[in-house]
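Colleague: Provided below for reference: sequence and predicted model.
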Amino acid sequence: MKKNFLLLSIALVSLSSIVLTGCEKEDPDAIKMEDVNKGIQLITAKDGKDYEVVDLGLTSGNLWAVCNMGATSPEQTGSFFAWGETEAKNDFGWPSYRWSDDDGVELFKYCLDRDRGKYDGITTLQPEDDAPTQLLGEDWHIPSKQDFNELTTKKNCTAKWCKLNGVGGFLFTSVRKGYEGNSIFIPLAGMNDSDHARFVGQYGWYWCNSLYQDPESLKYSTTEATCVWLEHGDVDNHVVKSRPRRAGLPIRAIYTGSY
């Protein structure tokens, strides 16, 4: 009996060791916070707080924010904003959208369709409707699609799918001379459609500062705005997409001032 008990005890200890070893196995996609904190600088915004930015050595001179608007760590989703609104919120239906009637039929600004409201011909966000500009200061902006293209092109940065504190996203690391290793992490933060977050960890949509322009017809949409779409399955294809202006997407701001 004692022999059988001893054998059973040894077997249980061995099984526990296997389970613990499996739990402690490192995720091959995981990166550490020190992988994304090289080249960080602090910029004091108009709210009196210091915000972290990284110089990737880009030709434009843009410094990219370390975190999404409303986040305090790079992997956090942060706040969701409708396009052209300067305050975060939780309800993203047409009735709550600043620039439309309750049905989204009539648009009050950035209207390019005379049948959908008063035509104004404005395709790019004005400073008073740019969330980073209003919340952080005149040198902070929502990126344009050209700004995102500059970030994602291989001659400027490498793109690596990875996980930071368990959150999936992309690490963009500068290959520009003198800035090698400077990086920013952009999580797949999903979107907020109506009143709940969706696709968190699967896709990342980030607002650009203009209405969506069809690449073939070159016509602008009145109801859709431009965003960049990041997808886990395609590291090299960070494409320009569109989403309804009312939808809630995160914002990764750029800083264009001196430092």
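Modeller: Everything's here; your move.
Colleague: what about the stretch 1-150 of the chain, any weak spots by pLDDT?
Modeller: 1-25 (pLDDT under 70).
Colleague: I am assuming T226 contacts Y206, so please confirm or correct that.
Modeller: No: the pair T226 / Y206 is not scored as a contact, 9.9 Å apart, by C-beta atoms under 8 Å. Every C-beta, even on glycine, is put in place using the N, C-alpha and C of the backbone.
Colleague: and those two? which has more neighbours close in?
Modeller: Neighbours were tallied for T226 and for Y206 using other C-beta atoms under 10 Å; the higher tally belongs to T226 (24 against 21).
Colleague: Name the nearest residue to the more buried one, ignoring sequence neighbours.
Modeller: C208 (4.0 Å; C-beta to C-beta, 6 or more residues apart in numbering).
Colleague: Regarding the one you found, what is its secondary structure?
Modeller: Secondary structure, DSSP: H, G, I helix; E, B strand; the rest coil: C208 is strand.
Colleague: and the gap between N62 and L56?
Modeller: For N62, the distance to L56 equals 8 Å [C-beta to C-beta, to the nearest Å].
Colleague: The two: which has the busier surroundings?
Modeller: Of the pair N62 and L56, L56 is the one with more neighbours under other C-beta under 10 Å, namely 24 against 19.
Colleague: So for that one, what's the nearest residue that isn't a sequence neighbour?
Modeller: Here the residue nearest L56, using C-beta to C-beta, 6+ apart, is S174, at 4.1 Å.
Colleague: For that neighbour, list each beta-bridge partner.
Modeller: For S174, the beta-bridge partners under DSSP bridges are C157.
Colleague: burial measure for it, as a count.
Modeller: 23.
Colleague: One more: G104?
Modeller: If you count neighbours by other C-beta under 10 Å, G104 ends up with 17.
Colleague: In a strand, it, correct?
Modeller: No: under three-state DSSP, G104 sits outside any strand and is assigned coil.
Colleague: For D129, see how far away it is.
Modeller: G104 is 17 Å from D129, by C-beta to C-beta.
Colleague: Tell me the backbone dihedrals of N149, please.
Modeller: phi -60, psi -40 (degrees, to the nearest 10).
Colleague: What's the separation between it and P143?
Modeller: 10 Å.
Colleague: which strand residues sit across from Q213 in the sheet?
Modeller: Residues in beta-bridge contact with Q213 (DSSP bridges): Y220.
Colleague: so it touches T226, yeah?
Modeller: Yes: the criterion here is C-beta under 8 Å, and Q213 meets it with T226 at 7.3 Å.
Colleague: just to revisit the earlier point, so for N149 and P143, which residue has more residues nearby?
Modeller: Applying other C-beta under 10 Å to N149 and P143 shows that P143 carries more neighbours, namely 24 against 14.
Colleague: Let me know whether my guess that L171 is in a strand holds.
Modeller: Yes: looking at L171 with three-state DSSP, it is inside a strand.
Colleague: what about it, how many neighbours?
Modeller: 20.
Colleague: Run a quick check on it versus K38, I expect a contact.
Modeller: No: shown here, L171 and K38 do not form a contact pair, counting by C-beta under 8 Å, at 11.3 Å.
Colleague: list the residues that contact both of those two?
Modeller: Common contact partners of L171 and K38 (C-beta atoms under 8 Å, 6 or more residues apart in numbering): S183.
Colleague: Return the alpha-carbon coordinates of whatever helix or strand E224 lives in using CSV.
Modeller: E224 is part of strand 220-231, with elements assigned from DSSP states H and E. Once non-C-alpha atoms are left out, strand 220-231 reads as follows in CSV (Å, rounded to 0.1, in the frame of the first residue of the first chain):
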residue,chain,number,x,y,z
TYR,A,220,-15.0,61.7,-52.2
SER,A,221,-17.7,60.2,-50.0
THR,A,222,-19.8,62.4,-47.8
THR,A,223,-20.7,59.7,-45.3
GLU,A,224,-17.4,57.8,-45.1
ALA,A,225,-14.1,58.9,-43.7
THR,A,226,-10.6,57.5,-44.3
CYS,A,227,-8.9,55.1,-41.9
VAL,A,228,-5.9,52.8,-41.9
TRP,A,229,-6.7,49.1,-41.4
LEU,A,230,-4.2,46.9,-39.6
GLU,A,231,-4.7,43.1,-39.7
